[in-house]
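K.L.:
Build me a model:
(one chain, ligands or ions: 2)
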Amino acid sequence: MVNRWSLATVVILLGVISFNSCKKTDDIQPRKRLPVLPDEPYDYATPPNETFFVPFGDSVIDNDVATLGRVLFYDVSLSRNNRVSCGTCHRQINGFADNRAFSNGLLDSLTGRNTQTIVNTGTQVGFFWDLRESTLDHMVLQPIANHIEMGIADTLYMEDKVRKIDYYPPLFVKAFGSEEVTSKKIGRAIAQFVKSIVSVSTKYDEGRMMQVNPVSNQSNLVDFANYNEMENLGKHLFFRKFACSQCHGGVNLDGSLSAPKNIGLEVDYVDNGMPGVDEFGVKRDGFFKTPSLRNVALTAPYMHNGVFNTLEEVIEFYNSGIQPHPQLSQELRVREQGGLTPEHLGPVIDFNLVPLNQGTLPQKMFMTAQEKAALVAFLKTLTDYEVLTDPKFSDPFK
Ligand code: HEC
Ligand code: HEC
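P.N.:
Ligands and ions are numbered 1, 2, ... in the order given. All right, here's what the predicted structure looks like:
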């Protein structure tokens, strides 16, 4: 409770400080450049390829709403100093993440965490590294309000700002049938655009679609005809031997099916991650969302704090660098503590964890050089070159 109050005070103070220090930059005029849009809206409602999952979740995408969302997503006018848009940090070319450990928001201040990729958000149930948001429509207004990212905390001010930009009224009419601008509509439009950014065209998707029953997770366990030997070995290691898929599961190889996890990145976490208590009632420390691995080859640096620069470093971490944090996830402990067998023959989930006070024994995976390379080769098959270049997801102001 105390923490919550002091946090609230800090947030309010920061709000006041940023409001005051931003006053000068408010005078900067929105940029004069107009968005260039096709005469007929792009088709956002149909996924670019047949796929083994429902990429939009339960949403129906409207092409005009998504078109408005695209303009808002890339419009720096949505930031207090007219310098930052969603697309500044979520860059198409980088799989809708960026290549920095922490990103520049307003006034060159940095985000507290690494920017996440935002493909296939329609299939996800929890957002942000600490899973603090569960719905996208509400969530997308968060970065706008966050003083570090975009700096407009006052929704009325934001609505007013959008209302005064002359290319918006016709776009609102097309999308919602009237010129009226509300933050709810802004949120909905951006959310529709973000949800429309689906990744279904990787080598991995292609391999899954070649299986008799692509929907079944079992299809991950047979060799894919479109993979080379290394990629198939990496896939085997990922789904079987090292069982990465215990956490990185589902259609995005993310944690949408499981709770947030502590992977023993640090013994003493600088960023404590998701608040609350664990299953033993102990205050959580270092629990984070298991991120999607789609386009992971393009989203370095890695982890919530961007501590690893390459996929090789991440693999070496899992191989030999897991720290003995008392709340380390079971899946990454030695077998006696619920983890894999020492021979890594497959996951053995033993829910009778040894008491925390007996210490934690992180797994050592004893990967060979070939296995490390194979895991990297497999992770690279998760790159979707179509979503990276599709004009309908690109910046209309360029
Ligand atoms: C200054 C950089 C920056 C800007 C601008 C920005 N974001 Fe983000 N975004 C981030 C960071 C950093 C995170 C992770 C934050 C966290 O977990 O605390 C994130 C997380 C997200 C997520 C959650 C993804 C997931 O898998 O959980 C979504 C969705 C998202 N942003 C959409 C947007 C939208 C829409 C906008 C514009 C309205 C936007 N972002 C603007 C940096 C940025
Ligand atoms: C106990 C669950 C768990 C297991 C098992 C696991 N991961 Fe992770 N993985 C996570 C979590 C949680 C994160 C984010 C941790 C953080 O930022 O503190 C992560 C992060 C990553 C990242 C960085 C992604 C990014 O965008 O920053 C990669 C790559 C990765 N894992 C690959 C693997 C591989 C390969 C294996 C198997 C050798 C594996 N993981 C096993 C939960 C797991």
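K.L.:
Domain boundaries for this protein, per the record?
P.N.:
As recorded under automatic domain parsing, the domains making up the chain are 9-199+388-393, 203-380.
K.L.:
among those, which is nearest ligand 2?
P.N.:
If you check each of the domains of the chain against ligand 2 by C-beta to the nearest ligand atom, domain 203-380 wins as the nearest, at 2.8 Å. (Each C-beta comes from the backbone N, C-alpha and C, glycine too.)
K.L.:
Tabulate the domains of the chain (a markdown table), appending mean pLDDT.
P.N.:
Listed next are the domains of the chain as a markdown table, based on pLDDT from 0 to 100:
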| stretch | mean pLDDT |
| --- | --- |
| domain 9-199+388-393 | 81 |
| domain 203-380 | 85 |
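K.L.:
right, so of the ones you listed, which gets closest to ligand 1?
P.N.:
Nearest to ligand 1, of all these, is domain 9-199+388-393, at 2.7 Å by C-beta to the nearest ligand atom.
K.L.:
Save the domains of the chain as a markdown table, and put in mean neighbour count too.
P.N.:
Compiled in a markdown table, the domains of the chain are given as follows (neighbours: other C-beta atoms under 10 Å):
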| stretch | mean neighbour count |
| --- | --- |
| domain 9-199+388-393 | 18 |
| domain 203-380 | 17 |
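K.L.:
Phi and psi next, for R91.
P.N.:
Phi and psi for R91, reported as degrees, to the nearest 10, are phi -90, psi 130.
K.L.:
list the contacts for the spatially closest residue to it that is not a sequence neighbour?
P.N.:
Of all residues not flanking R91 in the chain, D98 sits nearest, at 5.3 Å (C-beta to C-beta, 6 or more residues apart in numbering). Going by C-beta atoms under 8 Å, 6 or more residues apart in numbering, D98 touches 88-91, 115.
K.L.:
Now do D98 against M365, distance only.
P.N.:
30 Å (C-beta to C-beta, to the nearest Å).
K.L.:
With D384 instead?
P.N.:
For D384 relative to M365 (C-beta to C-beta), the value is 28 Å.
K.L.:
do N81 as well
P.N.:
Spatial separation of N81 from M365 under the definition C-beta to C-beta is 47 Å.
K.L.:
List the residues that contact the nearest residue to K392 once chain neighbours are set aside.
P.N.:
Ranked by C-beta to C-beta, 6+ apart and with sequence neighbours excluded, the top spatial neighbour of K392 is Y42, at 3.7 Å. For Y42, the set of contacting residues under the criterion of C-beta under 8 Å, 6+ apart consists of 63, 66-67, 391-392.
K.L.:
Tell me which entries of those lie within strands.
P.N.:
Restricting the contacts of Y42 to those inside strands, with DSSP state E as the criterion, leaves an empty set.
K.L.:
Out of the residues you listed, the closest to V140 would be?
P.N.:
Of all the contacts of Y42, the one sitting nearest V140 is A66; the distance, using C-beta to C-beta, is 12.8 Å.
K.L.:
Now do the end-to-end distance for stretch 198-213.
P.N.:
Start to finish, the residues bounding stretch 198-213 are 21 Å apart (C-alpha to C-alpha, to the nearest Å).
K.L.:
any residues touching it, and which ones?
P.N.:
Residues outside stretch 198-213 that contact it (C-beta under 8 Å, 6+ apart): 47-53, 55-56, 119-120, 122, 214, 219-220, 222, 224-227, 231, 294-295, 381-387.
K.L.:
near ligand 1, anything from that stretch?
P.N.:
No - judged by C-beta under 6 Å from any ligand atom, stretch 198-213 stays clear of ligand 1, getting no closer than 12.5 Å.
K.L.:
Distance from the chain centre to that stretch, please.
P.N.:
20 Å (C-alpha atoms, centre = their mean, to the nearest Å).
K.L.:
Over to stretch 189-206?
P.N.:
Offset of stretch 189-206 from its chain centre (C-alpha atoms, centre = their mean): 12 Å.
K.L.:
same thing with stretch 372-382?
P.N.:
Counting by C-alpha atoms, centre = their mean, stretch 372-382 is centred 20 Å from the centre of its parent chain.
K.L.:
So that stretch, near ligand 2 or not?
P.N.:
Yes - figure legend: stretch 372-382 in contact with ligand 2 (C-beta under 6 Å from any ligand atom); contacting residues L375.
K.L.:
can you dump the C-alpha coordinates of that stretch into PDB?
P.N.:
Presented in PDB, the C-alpha positions along stretch 372-382 are these (Å, rounded to 0.1, in the frame of the first residue of the first chain):
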ATOM      1  CA  LYS A 372      23.500 -23.600 -30.200                       C
ATOM      2  CA  ALA A 373      23.800 -22.800 -33.900                       C
ATOM      3  CA  ALA A 374      20.800 -25.000 -34.700                       C
ATOM      4  CA  LEU A 375      18.600 -23.100 -32.100                       C
ATOM      5  CA  VAL A 376      19.600 -19.800 -33.700                       C
ATOM      6  CA  ALA A 377      18.900 -21.200 -37.200                       C
ATOM      7  CA  PHE A 378      15.400 -22.200 -36.000                       C
ATOM      8  CA  LEU A 379      14.700 -18.800 -34.400                       C
ATOM      9  CA  LYS A 380      15.600 -17.200 -37.800                       C
ATOM     10  CA  THR A 381      12.800 -19.200 -39.500                       C
ATOM     11  CA  LEU A 382      10.400 -17.000 -37.400                       C
END
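K.L.:
what does it rub up against?
P.N.:
202-204, 207, 227-228, 230-231, 233-235, 237-238, 242, 244, 253, 293-297, 311-312, 315-316, 319, 367.
K.L.:
For ligand 2, tell me whether stretch 275-284 is touching it.
P.N.:
No - with C-beta under 6 Å from any ligand atom as the threshold, stretch 275-284 lies outside contact range of ligand 2, at a closest distance of 12.4 Å.
K.L.:
Can you get me the start-to-end distance on that stretch?
P.N.:
Taking C-alpha to C-alpha, the span from the opening residue of stretch 275-284 to its closing residue is 6 Å.
K.L.:
Q142 and K185: what is the separation?
P.N.:
16 Å.
K.L.:
ditto for G281
P.N.:
Plainly put, G281 is 43 Å away from K185 if you go by C-beta to C-beta.
K.L.:
cool, T117 as well?
P.N.:
Using C-beta to C-beta, one obtains 26 Å as the distance from T117 to K185.
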